[in-house]
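Visitor: No sequence on hand, only this structure:
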């Protein structure tokens, strides 16, 4: 099925969405301590944007995405990968069923995020900018609480609306506009007393490098966390990623000035 | 081997180098006229950074990269792709052998680049910023001349040294420094009377968005050209990519001021 000379170590289920997995690939590459091509992780990205929407399925209580996700896991196993990463938080709703049918270890993005939070915080309140599907699934509430942090969703209904807008804008390719929406959600998170904010949807990871100064609020990027976890698991050296992609400021755009939470 | 529900249309031989193929994936995604995940191209990226260096092989006159490239083509065919793209110019030295053994059409980056040049120029001199391997291979000289343009390599030996430096810097992850080297090569190209400059190595495509104003010199990005050719071939709508990733300016860096060629 695949020649040993080109066997991938890491399998990536991508396309959920496509820009989020491209961002993951950029971060995986930039974070690898490497000076030459052959010091990088051999990998395969199976980009499956044709999958049913994950949040719609969770909210409607059906498992439409599970069968194609299982097919992707099977294909990556057939290609001989050692580990699998899914740069899509919402898809982790089906993690247990997928992991039960995979020889290759599937690295859980929630575990990667908890390890990432611990790099910058000992305790405190973590606001989660995630899809409504991820929030209903509940794996972040469980993991973040078990790790001794407080999982928080600001009560102001504007918060989730801004998050939903930002995710949709990234999927439509409007990154600068998505950064503005994300900044407003981060501001509401800080007003709600959050010490850190988790970009708990990989679409929001796409805008991470385009955010204005966040006034001391620690921002956790789930894609970067997952990339770090993959490199650690596979034994690659890690460097702090320099100059991750950012988009230009929008000319004349009304960017929210940061105010210190009282 | 692969379930119809997740079958990829486009196969990508990536990792040559990894950042160049991540750049290709970003551009393919950003250039697709799409508002939702499922309007994007289902694709598979086989990232094979473990391949022998292409330029070294060409300069030494051996075919070390051919067997693993053929293995990658076979695997992508087994996954059922309709087309294959190689976001590595130098690897096209072995195009004929690869295409002869592939059911899926391999889209030649040289053909994509000629189409891209024609979008902005009717005739004139095109300087090629490429690896020494690509230049020895000669497929650009042939295609660009056949299309009625003049293929040019500035005689100043500094030109190729700057190009080589820039490529090595991107492979080492130093994008802002690579942009500076690329700008100096572009400046020498303009002094040599070029109307357009081809970033004829996909490592240089990585810095395309980070270049300073190029003083009227038309810059052709081979990765963007290949992405456009793939989307056209597969029947996807194309949009001008907005806000492609750029890196921050280097503080205090000596960036070359552009001077009009006399």
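Guide: Structure's in. What do you need? This one's a predicted model, so the numbers in the text were calculated from it and none came from an experiment.

Visitor: For the rest of this, base every contact and every neighbour count on C-alpha atoms.
Guide: Will do.

Visitor: What are the boundaries of the strands in the stretch 1-150 of chain A?
Guide: With DSSP state E, counting those that start in this stretch applied, the stretch 1-150 of chain A shows strands at A:10-14, A:43-47, A:83-85, A:105-107, A:125-129, A:150-152, listed in chain order.

Visitor: Strand partners (parallel or antiparallel) of the fifth one?
Guide: Read it as strand A:125-129. Using DSSP bridges, the strands paired with strand A:125-129 are strand A:150-152 (parallel), strand A:196-199 (parallel).

Visitor: so of those, which one's packed in deepest?
Guide: strand A:196-199 (a mean of 25; mean count of other Cα atoms under 10 Å in any protein chain shown).

Visitor: ok now do the closest residue to chain B within the stretch 151-262 of chain A, which residues does it touch?
Guide: Closest to chain B within the stretch 151-262 of chain A is residue A:172: 4.0 Å, counting by Cα to the nearest Cα. Neighbouring residues of residue A:172 by Cα atoms under 8 Å, 6 or more residues apart in numbering or on different chains: B:34-36.

Visitor: can you do 6 Å?
Guide: By Cα atoms under 6 Å, 6 or more residues apart in numbering or on different chains, residue A:172 lies in contact with residue B:35.

Visitor: Please report how far it lies from residue A:58.
Guide: Between residue A:172 and residue A:58 the computed distance is 22 Å (Cα to Cα, to the nearest Å).

Visitor: who in chain A is up against chain B?
Guide: Contact residues, chain A versus chain B (Cα under 6 Å from any Cα of the partner chain): A:6, A:17, A:22, A:25-26, A:35-38, A:42-50, A:171-172, A:243, A:245-247.

Visitor: Could you list which of the residues you listed belong to helices?
Guide: Judged by DSSP state H, the subset of the residues of chain A next to chain B located in helices is A:22, A:25-26, A:171.

Visitor: sorry, back to before: output the strands paired with strand A:125-129 in CSV; the columns should cover mean pLDDT.
Guide: CSV is the format used below for those (pLDDT from 0 to 100):
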stretch, mean pLDDT
strand A:150-152, 98
strand A:196-199, 98
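
Visitor: Which of the ones in helices among the residues of chain A next to chain B sits closest to residue A:201?
Guide: The nearest member of these to residue A:201, counting by Cα to Cα, is residue A:171 at 11.6 Å.

Visitor: Nearest residue to that closest one in space, ignoring adjacent ones along the chain?
Guide: Once flanking residues are discounted, residue A:171 sits nearest to residue B:36: 5.6 Å by Cα to Cα, 6 or more residues apart in numbering or on different chains.

Visitor: low-confidence ranges in the stretch 1-150 of chain A?
Guide: Applying pLDDT under 70 to the stretch 1-150 of chain A flags residues A:1.

Visitor: Need the phi and psi values for the closest residue to chain B within it.
Guide: Closest approach between the stretch 1-150 of chain A and chain B, counting by Cα to the nearest Cα: residue A:35, at 4.0 Å. When read as degrees, to the nearest 10, the backbone of residue A:35 gives phi -110, psi -20.

Visitor: how about it, what does it touch?
Guide: residue B:172.

Visitor: Please tell me how far it sits from residue A:16.
Guide: Counting by Cα to Cα, the gap from residue A:35 to residue A:16 is 30 Å.

Visitor: Then residue A:55?
Guide: Relative to residue A:16, and taking Cα to Cα, residue A:55 is found at 11 Å.

Visitor: For these two, indicate the residue with more neighbours.
Guide: A direct count of neighbours by other Cα atoms under 10 Å in any protein chain shown for residue A:55 and residue A:16 places residue A:16 higher, at 27 against 20.

Visitor: got a list of what the more buried one touches?
Guide: Here residue A:16 is in contact with A:49, A:88 (criterion: Cα under 6 Å, 6+ apart).

Visitor: mind running it again at 8 Å?
Guide: Neighbours of residue A:16 in contact, by Cα under 8 Å, 6+ apart: A:47-49, A:51, A:87-88, B:37.

Visitor: Show me the domain layout of chain A.
Guide: A:6-108, A:110-222 (automatic domain parsing).

Visitor: Let's have those in CSV, adding distance to residue B:71.
Guide: Output for the domains of chain A, formatted as CSV (distance: least, Cα to Cα, whole Å):
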stretch, distance to residue B:71
domain A:6-108, 7
domain A:110-222, 32
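
Visitor: Of those domains, which is nearest residue B:65?
Guide: Nearest to residue B:65 among the domains of chain A is domain A:6-108; the distance by Cα to Cα comes to 10.9 Å.

Visitor: Distance across that closest one, terminal residue to terminal residue?
Guide: Terminal-residue distance, domain A:6-108 (Cα to Cα): 25 Å.

Visitor: now that domain: how far from the chain's centre is it?
Guide: Relative to the chain's own centre, domain A:6-108 is displaced by 11 Å; criterion: Cα atoms, centre = their mean, to the nearest Å.

Visitor: looking at the strands of the stretch 1-150 of chain A, which is closest to residue A:68?
Guide: Between residue A:68 and the strands of the stretch 1-150 of chain A, the shortest separation by Cα to Cα is 10.6 Å, and it involves strand A:10-14.

Visitor: where exactly do the helices run in chain A?
Guide: Going by DSSP H, chain A shows helices at A:18-31, A:54-60, A:66-78, A:95-100, A:109-120, A:132-137, A:139-146, A:157-171, A:175-191, A:202-205, A:222-234.

Visitor: The first one vs helix A:157-171, what angle?
Guide: Using axes from the mean of the first three to the mean of the last three Cα atoms, to 10 degrees, the inter-axis angle of helix A:18-31 relative to helix A:157-171 is 80 degrees.

Visitor: what helices or strands is helix A:18-31 leaning on?
Guide: With contacts taken as 3 or more Cα pairs under 8 Å, 6 or more residues apart in numbering or on different chains; DSSP states H and E, helix A:18-31 sits against helix A:202-205, helix A:222-234, helix B:18-31.
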